[in-house]
Structures are given as C-alpha cells and as structure tokens.
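[1] Just a sequence and a predicted model for now, questions to come.
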Amino acid sequence: MAETIAERLLAVRQGIEQAAAQAGRDPAGIRLVAVSKTKPAAEIREAVAAGQFDFGENYGQELRDKMAGVSDPRVRWHFIGQLQTNKVKYLVGQVALIHSADSAKLIREIGKRAAGLNLVQDILLEVNLGGEESKSGVAEDEVGGLIEAALTQPAVRVRGLMTMPPYFPEAEPSRPFYRRLCELRDREQARLGGRVNLSDLSMGLSHDYPVAIAEGATLLRVGTAIFGAR
C-alpha cells in the first residue's frame, strides 16, 4: 500500500488514466483537485513537490491560513464547502473556482465583490440531487433560474455544475447521480445556446471517482486517497 503523499498521488493519477481509457476519454480533460481540508500546509507542500497544483478547501479561515503557508504561484485553490455570503469577501479573487454557489443572493455577493476588484470570478452551481436536507445545493428544477440570475452579474462566470451525492460505501450507487448531473448540464447547455459554456462537472470522490469519470466528470474532489483519513 502506498504510504507517502507522492505515492498516493501517483496511484490516483494512474487510476484516473485507467478509468479515462475505459471510458474512451482523454485524461487531459480531467482535473484532480486534492481535498486538503484539515491537513497542514506541510502536507500540501509535499503534494506540490509531487506535481499537484489544484487544492480544495471547505472553510474560509482555514483557506486563508493555508494560502499564507503555501506560497507556490503554481497552486490553484478551489473552494468546495458550503459558502455563506459573509465569507465571500475572503474568497473572491483568491480562489480559481468556487464550486458551491447555490443561491441568487450568494451569486450577487460574489458578483459585487468581484466587480469591486475589477475581475471575473469563476463559479460552479451546486446541485443537491439527493434531496438531502443536510447538504447544500439547489434542486434540479432550480438550476435554470440560478443560471439566469448569474447572467445578470457581469463579474461572475458560471463554468458548470457540482454535486455531492448521498454517501454509499460502494462506488456504483453514485452512478445515477453523476449521470443525472451530466444530463442536466447537457439540457441547460442546449437551452442556453451559446450564452454560457457549462464545460465543467465537479463530481467524484476518493472511493467513486472512476464511476464519475465514466459519467463525464471534469473535476474530481479526492482527499482521503491522497492525504489519508482525517
């Protein structure tokens, strides 16, 4: 069993390449986001040394602390946790991508902050496909309206969709949720014409990312398989 972060990263990358080959996809179109929440900056630097540059964090304050301890300009930060409007100011312009936009109010705040910094903030819309009250995200039938709300914000760019399915210990039960997200994206893309390019699907975790790849994932949020258990 791989023990170092570099060895685990290599194993995950090999798994991505294998899953992509089986799905007839180019692995270059799949980005690995190493979920580094609760892990120290030293472990992130170890991953950077092994060639990993995309990292996902769940908490604004922790992210700010990590950014201070990981100064490599190649690093791209992703915010993947539940986001409150009063924390937006800590993220806009600091993260490459916010995965968890789930309300028009939140998108307006992101747009306001981004416009104030004279930049465009990339976001994904989080969709709660499992209908779980414990998880954030909008219902499937609300996605179109949320995209339209985002289109009123010139400093916000919707890049695609994200989901976190109900937890299953095995990978296969996640497949219908990942397939639904891809189908939802395709429907919205057709409805929107060329107004938005919904190129990204953020889905797939340590235990089920091969299934997510088969269903069209472009961003994989993998933590335990790289950094070990929390």
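    All right, it came through fine.

[2] which residues are contacting the helix or strand of the chain with the lowest mean pLDDT?
    Ranking every helix and strand in the chain by mean pLDDT, DSSP states H and E puts helix 60-69 at the bottom, with a mean of 91. Residues outside helix 60-69 that contact it (CB atoms under 8 Å, 6 or more residues apart in numbering): 36-38, 40-42, 44-45, 55, 57, 77, 79, 87, 90-91, 94-95. Any C-beta I mention is one placed from the backbone N, CA and C, and that applies to glycine too.

[3] Out of those, which sit inside strands?
    Among the contacts of helix 60-69, the residues falling in strands (DSSP state E) are 55, 57, 77, 79.

[4] wait, residue 11 sits on residue 225?
    Yes: assessed by CB atoms under 8 Å, residue 11 is found in contact with residue 225 at 7.4 Å.

[5] more neighbours, these two?
    Taking other CB atoms under 10 Å, residue 11 and residue 225 do not tie; residue 225 has more neighbours (19 against 14).

[6] Just list the residues touching that one, thanks.
    Residue 225 makes contact with 8, 11, 12, 206, 207, according to CB under 8 Å, 6+ apart.

[7] Can I get the stretch of helix or strand residue 183 belongs to in CSV? Just the C-alpha atoms.
    Assessed by DSSP states H and E, residue 183 sits inside helix 175-192. Written as CSV, here are the backbone C-alpha positions of helix 175-192 (Å, rounded to 0.1, in the frame of the first residue of the first chain):
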residue,chain,number,x,y,z
ARG,A,175,-23.5,6.5,-10.9
PRO,A,176,-27.2,7.6,-11.3
PHE,A,177,-26.5,10.9,-9.6
TYR,A,178,-23.4,11.6,-11.7
ARG,A,179,-25.3,10.7,-14.8
ARG,A,180,-28.2,13.0,-13.8
LEU,A,181,-25.8,15.9,-13.3
CYS,A,182,-24.3,15.3,-16.8
GLU,A,183,-27.8,15.1,-18.3
LEU,A,184,-28.8,18.3,-16.5
ARG,A,185,-25.8,20.1,-17.8
ASP,A,186,-26.5,19.0,-21.3
ARG,A,187,-30.1,20.1,-21.1
GLU,A,188,-29.2,23.5,-19.8
GLN,A,189,-26.4,23.9,-22.3
ALA,A,190,-28.9,23.3,-25.1
ARG,A,191,-31.4,25.7,-23.6
LEU,A,192,-28.8,28.4,-23.2
